[in-house]
Each structure stands twice: as structure tokens, then as C-alpha cells.
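[1] Prediction below, plus the sequence it came from.
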Amino acid sequence: MKTFDDRRKEADQIIEGFLREEKGYDRTLIEAMNYSIRAGGKRLRPVLLQSFGRMYGADEKRLHPFMAAIEMIHTYSLVHDDLPAMDNDMLRRGKPTTHARFGEAMAILAGDALLNEAFTIMSDETKRTLFAEDGPLLDECFGEVYATSFISKYAGVDGMAGGQSLDVETDKLGRDVTGEEIHYIYLNKTSALLEASMLAGAVLGGSGVGKDISLIASAGKDIGFAFQIRDDILDIEGDESIIGKETGQDKRNGKSTFVSIHGIEESEAFIRDYTEEAKTHISNLENVKDEEERIFVLDLFDALTERNH
């Protein structure tokens, strides 16, 4: 079985195939988009989408456009998150952030363009399936429609954008965030897109997902929460040379986090509990076609929440 690093490299190659050529009057915009994507990263969301697709027997080529799209959406959120109006970060993955490299205005446009490019890729793939030369492939098209629906919902007000909005609002007000608000922020800002990746991959596998959908959704919520708590701890204890960005920013900005409320020891316990819950949901899936992929996901969940970067 391939390791996560193998999968990440494979995802990199797939995503690269969907990047635009840097030419024309909008060359600088495309260069900023590609720079943001090529800055690196775990490629966690496309890897999860691919793995859940394989778990349910998806045609590999059907997964590729959605892998590229989910990474573009994630990347656009990081580009905007780094802006002076948000976190005002100058480093991302050890490299200048997009606004530090191209200026604030171009970074805003690059984020906007990446988001729209993602939906162009997904809609083009759906049209290709619907208007196939040998007739509409309706069963496949349903999977692509549902995958697009999951991704669009959890990237927007009901997910990532909604969670980020509360995060920004509480920062602006300069007040402590309540435990309930942190729960909302984490489940939306972080968990939602992981959940979308897993659900999209599964439905692209065909009609055999059935009642497994609710288990996958619950696993996405739990592992996303554990993942974000680990991020909080790394902001306190992490090695900047490994993480690729400054640590201690939450404390300097007076930002309330799960860890600032519960402390590191209790937070570590929560990480273990949420990770085990997520693994239990995956273990209880009934319609899995590829057991090796299930094992890969279970191992990946452990690696994500025990990571040092």
C-alpha cells in the first residue's frame, strides 16, 4: 500500500495537470494562482477524496477533476486568510505568502479566481459526463452532481466561509470566544472541507454508499476537530523550521482557542477521543469495496492528529 507521502506526490501531479498556462494579458493573475497552489502543502483534501473514491470503487479518472477543485478551494481560503485584513501572515509553508509576493490586490484576485476555477473544473466534468458521445451517463452524472453539491455547500456559508466569518468577527470585537463558538468555528472552518472531500469521493464511487453517508459525515467532523486542536497546540509548541510559518501568533494576537480554554493536557485527551470516534465511524462503514483503502484512512487519521507540522 502506498504511503501518505506517495499519495501526496500523486495528488501533486494530478493537480498540476489542471493548472493554466501562464500567458496572455492575465498572465500575472495565473502566475499568482499557480504560485499559491505550488507553494506545497499536505494535499490532505485531494488525498482523502481520492481514497474515499477508491474505497467505494470509483473510476480513478472521475476523481481527478474533483481532487484539483478541492485543493483550489482550500488554497484560495489560505490566500485570503493570509491577507492583511485577516491574519496578515507573510510566510506560508516557508515561502512568502501570495500577497507578500504579488501584492494585496493580486492576491485577492488570485483567491477569487482559484475558487471560480474549481467550479469551472467540476461543472465541465459534469457536462462531459452528461453529454458523452455515446449518450448521457446518468449514473455517473448523479455522482458528480452530488460531489459538487457537497463541496459547494461546505465551502460556503454552511461551512468554511461561515466558520471563518465568526472567527473574524470575534477577533474584530477583541473579546474571548466562548466554547460553543469555538466548536462552531472549528466544525465549519476546518472540519467542513475535510468532510466534503470524504463525501465527494464516496459518492463518485457510485450508488453503493447508502447509509454510510452519515458515518462518513460524522468521521469528517470528528477528525477535522482533532486536526484543528493539533494546529492550536503546534502554534504553541511547534518548530517554525518544520511548520513553515511563525508560531505563537494566537497568543500574540490575544486569540482564544480550544487550547487556551482547556490547556494542552486536556486538549491532547480531546484529540485522542475525537480521533478514536472518527476511526470508529470508518470501521463501521458497511458498503466499502476496497478494505485496503479503509486501512489507509484509519492510519492516516492517526498520522494527522499526531503530526508535528
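    Here it is on my side, so go on. Residues are numbered from 1 along each chain as shown.
[2] Where do the strands of this structure begin and end?
    Listed in chain order, the strands of the chain (DSSP state E) span 91-92, 95-96.
[3] So which of those is the most surrounded?
    Highest mean neighbour count among the strands of the chain (mean count of other Cβ atoms under 10 Å): strand 91-92, with a mean of 20. Where C-beta positions appear, they are placed from N, C-alpha and C, glycine not excepted.
[4] Centre of the chain to it, how far?
    Averaging C-alpha positions (Cα atoms, centre = their mean, to the nearest Å) puts strand 91-92 17 Å from its chain's average.
[5] And stretch 187-205, by the same measure?
    The answer for stretch 187-205 is 8 Å, by Cα atoms, centre = their mean.
[6] Could you report the neighbour count for I30?
    I30: 18 surrounding residues under other Cβ atoms under 10 Å.
[7] Over to E169?
    Burial of E169, expressed as a neighbour count using other Cβ under 10 Å, amounts to 12.
[8] and it, what pLDDT?
    The confidence metric pLDDT takes the value 88 at E169.
[9] which residues of the stretch 151-300 of the chain score low on pLDDT?
    173-175, 207-208, 238-255 (pLDDT under 70).
[10] Distance check, the residue lying closest to H99 once chain neighbours are set aside against H74.
    Closest residue in space to H99, ignoring its immediate chain neighbours: A107 at 3.6 Å, by Cβ to Cβ, 6 or more residues apart in numbering. A107 sits 16 Å away from H74 when distances are taken as Cβ to Cβ, to the nearest Å.
[11] go on, I236?
    Counting by Cβ to Cβ - I236 and H74 are separated by 24 Å.
[12] E31 contacts E22, doesn't it?
    Yes: taking Cβ atoms under 8 Å as the contact criterion, E31 and E22 are neighbours in contact, 4.9 Å apart.
[13] rewinding a little: dump the strands of the chain to CSV, plus distance to G263 and mean pLDDT.
    As requested, these are exported to CSV (distance: least, Cβ to Cβ, whole Å; pLDDT from 0 to 100):
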stretch, distance to G263, mean pLDDT
strand 91-92, 28, 88
strand 95-96, 33, 94
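[14] Of these, which is nearest D59?
    With distances scored as Cβ to Cβ, the stretch of those nearest to D59 is strand 91-92 (33.9 Å).
[15] what lines up beside the closest one in the sheet?
    Here strand 91-92 has these sheet partners by DSSP bridges: strand 95-96 (antiparallel).
[16] ok, residues contacting the partner strand?
    With Cβ atoms under 8 Å, 6 or more residues apart in numbering as the test, strand 95-96 has contacts from 39-40, 90, 101, 244.
[17] Please apply the same query to stretch 256-263.
    170, 176-177, 179, 182, 186, 228-229, 232-233, 235-236, 250-251, 267, 270.
[18] Narrow those to just the buried residues.
    Among the contacts of stretch 256-263, those that count as buried by neighbour count (16 or more other Cβ atoms under 10 Å) are 170, 177, 182, 186, 228-229, 232-233, 235, 250, 267.
[19] with these in mind, which one is nearest to T275?
    Using Cβ to Cβ, the buried ones among the contacts of stretch 256-263 come closest to T275 at I229, 10.0 Å.
[20] That closest one contacts S267, doesn't it?
    Yes: I229 is in contact with S267 according to Cβ under 8 Å; the separation is 5.3 Å.
[21] related to what we said a few turns ago, which of the contacts of stretch 256-263 fall in helices?
    In this view, the contacts of stretch 256-263 that belong to helices under DSSP state H are 170, 179, 182, 228-229, 232-233, 235-236, 250-251, 267, 270.
[22] which among those residues gets closest to D290?
    Q228 (28.4 Å).
[23] Apart from its chain neighbours, what residue comes closest to the closest one?
    Nearest one to Q228, counting by Cβ to Cβ, 6+ apart, is T190 at 4.2 Å.
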